[in-house]
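# Fold the following.
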Amino acid sequence: MRALVLMGFCLALAACGSREESATIGGATFTSNEGDGTATITTDKGTLSTVDGAAAANVQMPSFAPKYPGSTILSAVKTETDERTNHMVSIETGDSVDKVVAFYEKAFKDAGMTISSRMMAEDGGLMAAEGDGRKASIAVSFEDGKTSVVVNFSEA
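Numbers count the residues shown, from 1 in each chain. As a prediction, this is how the structure comes out:
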């Protein structure tokens, strides 16, 4: 919950009219830059950063959890601690849920990962994989003619 409140504050800073804003509250530093579409929260425990808009197109995804071909990256969130770096990337495509799931299942398996869970419905589903210190998952849904995908990935 605390992370959601901090993220909300960070996103609010990103919406401000100036190009870069920064504030420190209770040991956490909140920085946003409207010009480059980023917002960051830094504490002694780690960092949470977001990117959206046109800047999100520059987000790099690893080969074990790649960007879906032809999709548009809408936003990305990255959290970093001493133990792990986690990424959550939201993308959108006009392709079917089945086609998207098949792509990620192949990518996960080709990277030597094992599918650890899979729940599918007619218009969406979830799938997770892990292996070699890496974890990846997708949440897929279809609505209004578009398939939305949230890709989560991390490495130790």
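# neighbours of Asn152, just the number please.
A count of nearby residues for Asn152, using other Cβ atoms under 10 Å, gives 16. To be clear about C-beta, it is placed using only N, CA and C from the backbone, and glycine gets the same treatment.
# Can you read off the pLDDT for it?
Note on Asn152: pLDDT of 97.
# three-state assignment of it?
Secondary structure state of Asn152, per DSSP: H, G, I helix; E, B strand; the rest coil, is strand.
# so it bridges to which residues?
Beta-bridge pairing for Asn152 (DSSP bridges): Met88, Ser137.
# and Gly35, what helix or strand is that in?
Secondary structure assignment for Gly35, by DSSP states H and E: no helix or strand.
# close enough to count as contact, Phe142 and Asp95?
No: checked against Cβ atoms under 8 Å, the pair Phe142 and Asp95 is beyond contact range at 9.7 Å.
# how close does the residue nearest in space to the middle of the chain sit to Val59?
With distances taken as Cα atoms, centre = their mean, Met88 lies nearest the centre of the chain, 1.7 Å away. For Met88, the distance to Val59 (Cβ to Cβ, to the nearest Å) stands at 11 Å.
# Stretch 44-57: how far from the chain's middle?
9 Å (Cα atoms, centre = their mean, to the nearest Å).
# Could you check that stretch and say which residues are buried?
By neighbour count with 16 or more other Cβ atoms under 10 Å, stretch 44-57 contains the buried residues 48-52, 55-56.
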